[in-house]
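A.B. asks: Please find the sequence and the predicted model below.
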Amino acid sequence: MKALRICSIALLTLLAWSTMASAQALPTASWQKLKTQPTWNTDTALLLTDGTVMMHQYNSTAWWRLTPSSSASYVDGTWTQLASMPAGYEPLYFAAAVLPDGKVLVEGGEYNDLDQDETNKGAIYDPFTNTWTTVDPPSGWATIGDSPAVVLPDGTFMMGQGGQPSRLQVTFDETTLTWTAVESNEKADGFSEEGFALLPDGNVLTVDTEDGTNSEIYNTSTSKWSSAGSTIVSLPNSGGLGIVPEMGPLMQRPDGSVVAFGATTNTSIYSSTSGTWTKGPEFPNSDDIADGNASILPDGNILVYTSPGVFSGTGTFYEFTYPGNTFVQAPSTAAGGSLESWDARMLLLPTGQIMWMASDGETKDVEVYTHAGTINSAWKPTITSVPTSLTPGTTYTISGTQLNGLSAGTAYGDDAQMATNYPIVGIENKATKHIVFARTHNFSTMGIATGSAVVSASFDVPSTIETGASVIVVVANGIQSAPKSVTIE
């Protein structure tokens, strides 16, 4: 539970896809402000499957869409307002996910209309119709806040009840808009303030916030929790505030390891291969991530936003290097040096850039981070099958390997989820060089690091797309596949 800050008180532009061999390295990492800054206070953002960004307006029912330019530039993108959520649902610090059909589920909120309570409201957004539908809470759940959530490989949304010492856990049936209790009482502690990290084998890792250095794994086949061992060093931290200890994000990396960033100055690294933890480096300058963001970059480094103490001090950006496991200070946004780790959100874009937005309810600053880095070709998605002739307004199937990437992309934990582990399809016209994203849906899996297994997705060719010779790519967490030639009839 955070002290609420209220205003009244204190793709690189995507490379030419016809020639893309690897990401170009920039001399230095840098931030760029969006040319059109929001006139409203920003909050959590999610990547829709048509490549646009869906961003929540702080403490309101309103949502906005950022559409990239014809050169796939988000810096040059334009804002339009989407449909508002049901009246009375104005959440802050909520669970959310993009589902396999492209719809967006939003659940609960540590605050609702700035009231210091944890609402049990929820709603699902249909981007095809631009409409919201109310979702009733799980039976007996009076609150949904500080609640970790994840989409499992089979496409099921799973959520734990936070906000109290609760071990209650549910899955969501999108067809009936109903919940099913997970009949497991094996969890060692409550879910409050914890985050979920999907593992390559499809199971889910969490670091306990109320059970010392213990971590746990949820087996999706047996619906049981078991210990994943000690993190070696202490990661959760209450800051002496008498609250459930806070925790930082869990971020998957290309080798299958998961970096757990602490609300203390500690980090720990879990190997999904050996099932063991290794002590990681301490944050520089006594920093930590007590509620905060991490986002993986296409070269495997992780961008983090930190601040010292629990809900104190001011923010600093670092890249946590891969495979070196060191903190290297990164440049700051205009507002980054005046906020705290929990006062912002990140989102990994299809361009391989990271969008950062202030979320303190006062500051208007949305910027995009581009860095120098080299992509390992083994991490790229591949296209094994796609029609060579495409008709505007028609739906097709694209198949390939690693279409969901090797990571969730971006993580926060209990207060926000903005995973991007699903395929984004881009089409570039060879003559005009204009780039459009085709809406994807019906993902055959939501698992990560699927290796050589062939997976698939449906994609809708926009009715307004330019005709003629083109190339098509799949993008997974900012990493592009090799292009395939297609003709738009």
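C.D. replies: Thanks, I have the structure now.

A.B. asks: What separation is there between residue 68 and residue 435?
C.D. replies: Residue 68 sits at a distance of 8 Å from residue 435 (criterion: C-beta to C-beta, to the nearest Å). C-beta here means a position set from N, CA and C on the backbone, and glycine is covered the same way.

A.B. asks: Residue 327 now?
C.D. replies: 35 Å.

A.B. asks: bridging residues for residue 396?
C.D. replies: residue 459 (DSSP bridges).

A.B. asks: Find me the pLDDT at it, would you?
C.D. replies: If you check residue 396, the pLDDT there is 98.

A.B. asks: ok, it - contacts?
C.D. replies: Residues in contact with residue 396, defined by C-beta atoms under 8 Å, 6 or more residues apart in numbering, are 386-387, 390, 458-459, 461.

A.B. asks: If any of those residues are buried, put those into a PyMOL selection.
C.D. replies: Buried members of those can be picked out in PyMOL with the line below, counting by 16 or more other C-beta atoms under 10 Å:
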select buried, resi 386+390+458+459+461
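
A.B. asks: May I see the contacts of residue 396 arranged in TSV, with pLDDT and distance to residue 256 as well?
C.D. replies: Compiled in TSV, the contacts of residue 396 are given as follows (pLDDT from 0 to 100; distance: C-beta to C-beta, whole Å):
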residue	pLDDT	distance to residue 256
386	98	28
387	98	33
390	98	35
458	98	28
459	98	28
461	98	35
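
A.B. asks: With respect to residue 477, which of the contacts of residue 396 is nearest?
C.D. replies: residue 459 (17.3 Å; C-beta to C-beta).

A.B. asks: any idea how far the closest one is from residue 486?
C.D. replies: Taken as C-beta to C-beta, the span from residue 459 to residue 486 is 11 Å.

A.B. asks: do the same with residue 156
C.D. replies: Distance, residue 156 to residue 486, by C-beta to C-beta: 33 Å.

A.B. asks: ok, now residue 404?
C.D. replies: Separation of residue 404 from residue 486 (C-beta to C-beta): 22 Å.

A.B. asks: which of those two has more neighbours?
C.D. replies: residue 404 (29 against 20; other C-beta atoms under 10 Å).

A.B. asks: quick one, what contacts the more buried one?
C.D. replies: By C-beta under 8 Å, 6+ apart, the contact set of residue 404 is 421-423, 443, 445-448, 450, 455, 476.

A.B. asks: Can you name the residues that contact the closest residue to residue 319 other than its chain neighbours?
C.D. replies: Once flanking residues are discounted, residue 319 sits nearest to residue 301: 4.5 Å by C-beta to C-beta, 6 or more residues apart in numbering. Contacts of residue 301 were listed using C-beta under 8 Å, 6+ apart, and they are 319-322, 371, 373.

A.B. asks: tell me which strands and helices the lowest-mean-pLDDT helix or strand in the chain is in contact with?
C.D. replies: Within the chain, no helix or strand scores below strand 111-112, which has a mean of 92 by mean pLDDT, DSSP states H and E. For strand 111-112, the elements it packs on are strand 91-92, strand 119-126, judged by 3 or more C-beta pairs under 8 Å, 6 or more residues apart in numbering; DSSP states H and E.

A.B. asks: most tightly surrounded among the ones you listed?
C.D. replies: Of all the helices and strands packed on strand 111-112, strand 91-92 has the most neighbours on average by mean count of other C-beta atoms under 10 Å, namely a mean of 27.

A.B. asks: what's that one packed up against?
C.D. replies: strand 104-109, strand 111-112.

A.B. asks: chain center to that strand, what's the gap?
C.D. replies: Centre-to-centre, strand 91-92 and its host chain are 17 Å apart (C-alpha atoms, centre = their mean, to the nearest Å).

A.B. asks: Okay, now the unreliable bits of the stretch 101-250 of the chain?
C.D. replies: Along the stretch 101-250 of the chain, segments meeting pLDDT under 70 span 185.

A.B. asks: Tell me where it has strands.
C.D. replies: Secondary structure of the stretch 101-250 of the chain (DSSP state E, counting those that start in this stretch): strands at 104-109, 111-112, 119-126, 131-134, 149-151, 157-160, 169-173, 178-181, 197-198, 204-207, 214-219, 224-230, 250-252.

A.B. asks: Repeat that for the stretch 351-489 of the chain.
C.D. replies: Using DSSP E, counting those that start in this stretch, strands in the stretch 351-489 of the chain cover 354-358, 366-370, 382-385, 389-390, 395-401, 410-411, 424-429, 435-441, 454-460, 468-476, 479-480, 484-488.

A.B. asks: and residue 255, how many neighbours?
C.D. replies: Per other C-beta under 10 Å, the neighbour tally for residue 255 reads 14.

A.B. asks: can you check the one 4 residues further on too?
C.D. replies: Neighbour count for residue 259, taken as other C-beta under 10 Å: 24.

A.B. asks: pLDDT (mean, whole number) over whichever strand or helix holds it?
C.D. replies: Taking DSSP states H and E as the definition, residue 259 sits inside strand 257-261. Across strand 257-261, pLDDT averages out at 98.

A.B. asks: okay, the angle between whichever helix or strand comes after it and strand 214-219?
C.D. replies: Tracing the chain past strand 257-261, the next element assigned as helix or strand by DSSP H and E is strand 267-271. Computed by axes from the mean of the first three to the mean of the last three C-alpha atoms, to 10 degrees, the angle separating strand 267-271 from strand 214-219 equals 30 degrees.
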